[in-house]
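>>> Give me a 3D structure for the following:
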Amino acid sequence: MKLTCEELCVRLAASPPEESWPDVSGVNTLADGTGSDLCFAESAGQRAAVLASDAALVLVPLDFPDTPGARIVRVQEPRKVFFSIAESFGAQPDFSGVHTDASIDRGALLGVDVTVAP
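Got it, this is the predicted structure:
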């Protein structure tokens, strides 16, 4: 899956940047983010990590300090928003239930609609 910055901003009800930013095709931590990853920071204390990150976009709180040179999008709850978007990038199994190659305890009780991959 790939999202343009503009598509992401629409999903977030955020203002798109004036300049063109890279597309997002994955999620990662600030330290490991690449030029196509979405990351997040929760506080101004992470400003240096945001500046050092190679991430395509970083979700930050509304009160995050100005950070020239960083591609940030201000949102109400960066962690919550990040994980809601991260679900879009997760691979969906092409089966349901317990995969024949999966290994689980005979006594395990599984919830409804649970999928266990190998």
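
>>> What count of nearby residues applies to residue 99?
15 (other Cβ atoms under 10 Å). For every residue, glycine as well, the C-beta is placed using N, CA and C.

>>> contacting residues around it?
Contact analysis of residue 99 by Cβ atoms under 8 Å, 6 or more residues apart in numbering lists 93, 115, 116, 117, 118.

>>> how far away is it from residue 118?
Counting by Cβ to Cβ, to the nearest Å, the separation of residue 99 from residue 118 is 5 Å.

>>> Looking at this structure, which helix is longest?
helix 78-89 (DSSP state H).

>>> Give me the buried positions along that one.
78, 81, 82, 85 (16 or more other Cβ atoms under 10 Å).

>>> Quick one: mark the members of the contacts of residue 99 that sit in strands.
Members of those lying in strands (criterion: DSSP state E): 115, 116.

>>> List only buried entries from the contacts of residue 99.
Buried members of the contacts of residue 99, scored by 16+ other Cβ under 10 Å, are residue 116.

>>> can I get the contacts of residue 99 in CSV with distance to residue 19 and pLDDT?
Shown next, in CSV, are the contacts of residue 99 (distance: Cβ to Cβ, whole Å; pLDDT from 0 to 100):
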residue, distance to residue 19, pLDDT
93, 38, 67
115, 41, 81
116, 45, 84
117, 40, 77
118, 44, 76
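
>>> I'd like to know which of the buried residues of helix 78-89 is nearest to residue 29.
Nearest to residue 29 among the buried residues of helix 78-89, counting by Cβ to Cβ, is residue 82 at 10.4 Å.

>>> My read is that the closest one contacts residue 39, right?
Yes. Assessed by Cβ atoms under 8 Å, residue 82 is found in contact with residue 39 at 7.5 Å.

>>> mind checking which helix or strand residue 59 is in?
Using DSSP states H and E, residue 59 sits in strand 57-61.

>>> After that strand, heading C-terminal, what element do we hit next?
From strand 57-61, the next helix or strand downstream (DSSP H and E) is strand 72-75.

>>> Can you list the buried residues in that following strand?
Neighbour counts over strand 72-75 (16+ other Cβ under 10 Å) mark 72, 73, 75 as buried.
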